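Colleague: Structural data only, the sequence is not supplied:
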């Protein structure tokens, strides 16, 4: 298992997505905290020695985030998009401007005349724009429930596969939540579809465990009566 995992994370480096880097680190940190502390040591080593360990192209992508002149152009664009979105939220705070509204809004950040976007590059902000604070709260609650499900299975099951699925779901959801800070991971089924499949597997495992406990309790009570 180690080889495909390492190769997968190595491939993420060459996506040159800083939100992707953040998401990957958060996912690994969760696994390190809950399962294997060695992973945390690896993350610490990476933080200390990233300028030595990472490929040159990846180092340049990270370093260009901010220099002596300030933030790079893509970061400034995002700040402009978020300011634009904040104004819409102020106008429609509770229920938002409408589902999928961002695709019909010409998002024009200040200072980038002639450039138009149809995404706010922040899933939390975009959800609040489209469905308001009420919709955002409901959406976050769904993700919180998935984390709770994963935690319950990880802590209560004695089956190694079930425990792996529970831990995997926790890591997957927190990774998605981290990446959403500067992206829209949860808006694309091709990106997070596997997370929902995994959540379904975890739910089924929890139901099976609960059914087993109920049947065991029923048999126990029957024996006592006899």
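Modeller: Here it is on my side, so go on. What you are looking at is a predicted structure, and each value in this text was computed from that prediction instead of being measured.
Colleague: The nearest residue to residue 159 once chain neighbours are set aside and residue 44: what is the separation?
Modeller: Closest residue in space to residue 159, ignoring its immediate chain neighbours: residue 205 at 7.9 Å, by CB to CB, 6 or more residues apart in numbering. Every residue, glycine included, has its C-beta placed from N, CA and C. From residue 205 across to residue 44, the span is 33 Å (CB to CB, to the nearest Å).
Colleague: So for these two, which sits in the more crowded spot?
Modeller: residue 205 (21 against 11; other CB atoms under 10 Å).
Colleague: Need the pLDDT of that one.
Modeller: Listed pLDDT for residue 205 reads 95.
Colleague: Surely it and residue 157 touch.
Modeller: Yes: Residue 205 is within contact range of residue 157, at 6.7 Å (criterion: CB atoms under 8 Å).
Colleague: Give me the residue at the spatial middle of the chain.
Modeller: residue 176 (1.1 Å; CA atoms, centre = their mean).
Colleague: who does the longest helix seen in the chain touch, helix- and strand-wise?
Modeller: Longest helix in the chain, counting residues (DSSP state H): helix 189-225. Helices and strands touching helix 189-225, by 3 or more CB pairs under 8 Å, 6 or more residues apart in numbering; DSSP states H and E, are helix 123-156, helix 160-179.
Colleague: Now the last one: average pLDDT?
Modeller: Looking at helix 160-179 alone, the average pLDDT works out to 95.
Colleague: Compute the distance between the closest residue to the residue nearest to the centre of the chain other than its chain neighbours and residue 3, please.
Modeller: The shortest distance from residue 176 to any non-neighbouring residue, by CB to CB, 6+ apart, is to residue 185 (4.9 Å). Note on residue 185: its distance to residue 3, by CB to CB, is 26 Å.
Colleague: Check residue 150 too.
Modeller: Taking CB to CB, one finds residue 150 at 25 Å from residue 3.
Colleague: who's more crowded, these two?
Modeller: Between residue 150 and residue 3, residue 150 has the larger neighbour count (other CB under 10 Å), namely 27 against 7.
Colleague: My guess is the more buried one contacts residue 205. True?
Modeller: No: with contact defined as CB under 8 Å, residue 150 does not reach residue 205; the gap is 10.2 Å.
Colleague: can you list residues touching both of those two?
Modeller: Residues touching both residue 150 and residue 205 (CB atoms under 8 Å, 6 or more residues apart in numbering) are 165, 166.
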